[in-house]
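Colleague: would you be able to build a 3D model of this:
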Amino acid sequence: MTKNLSFWESIKILENYGIEIVPTILVNDAESAIRFAKKVGFPLVAKVSSPDIVHKSDVGGVVVNIVDEIELINAIESIRKNVKERLPNAKIEGIVLQKMVKGTEIIIGGIVDPTFGTCVSFGSGGILTEIYEDVSFRVVPITRKDAKEMIQETKIYKVLRGYRNIPKANINSLVSLLLKVSKLMEKMSEIKELDLNPVFATPEKALVADVRIIVE
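Modeller: As a prediction, this is how the structure comes out:
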């Protein structure tokens, strides 16, 4: 039987493998939320953490571009209200707050294929991932050479190298992230599917903003 891990459970797995996340906290009260905002600064993103919710946006479980404390409190209340109305039986662990980050959106994934076995993928990220179908695959474990080739095989690679007013991304950081995901998928055989989307590729580093993990 498969199980969808909550966002917060998934984050903890990534951290165990040295995968860097955008500044993130799980809160259940306004005081903790405000303390986090003062520490990292605005703007912020708020999203529900629940093992019963796969697509958070579909149930009103995400608010972006929160710019002050009033909007922050309103966002938390709004998310809880939306989820309760649309999925009244969903277990809510809390509200995840994240610092908003800008960069080229990438998706990195892992899947257990019935034919090829455990694979990792790299491609264009964001909400239009399935439309672009810009993705490359390799069977794990992958080498640094494999990771570089995966990135270079995609259309988004031209953007990652710097395009017009879009700054060049740190390719070595993306290579390192792919290697860590390969190791995670190799070592944790109970993971049947993993999606890091979006990963923000910036000139300094690659930062994971959202994750979905399905285990068996």
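Colleague: mind listing what the closest residue to Tyr132 other than its chain neighbours touches?
Modeller: Using C-beta to C-beta, 6 or more residues apart in numbering and skipping residues adjacent in sequence, the residue nearest Tyr132 is Ser124, 4.6 Å away. All C-beta spots, glycine's among them, are computed from the backbone N, C-alpha and C. When contacts are counted by C-beta atoms under 8 Å, 6 or more residues apart in numbering, Ser124 is found next to Glu105, Ile106, Ile107, Tyr132, Asp134, Val135, Thr154, Lys155, Ile156.
Colleague: now Ser124: how far from Ile79?
Modeller: Between Ser124 and Ile79 the computed distance is 28 Å (C-beta to C-beta, to the nearest Å).
Colleague: one more: Glu153?
Modeller: 38 Å.
Colleague: neighbour count winner among these two?
Modeller: The neighbour count for Glu153 versus Ile79, taken as other C-beta atoms under 10 Å, is higher for Ile79 (22 against 15).
Colleague: what comes up buried for the helix or strand where that one lies?
Modeller: Assigned by DSSP states H and E, Ile79 falls within helix 69-86. Buried residues in helix 69-86, counted by 16 or more other C-beta atoms under 10 Å: Glu71, Leu72, Ala75, Ile76, Ile79, Arg80, Asn82, Val83.
Colleague: ok, stretch 95-104 next?
Modeller: Ile95, Val96, Leu97, Gln98, Lys99, Met100, Val101, Gly103, Thr104.
Colleague: now do it: distance from first to last residue.
Modeller: End-to-end distance for stretch 95-104, by C-alpha to C-alpha, to the nearest Å: 25 Å.
Colleague: what's the average pLDDT for it?
Modeller: Average pLDDT, stretch 95-104: 95.
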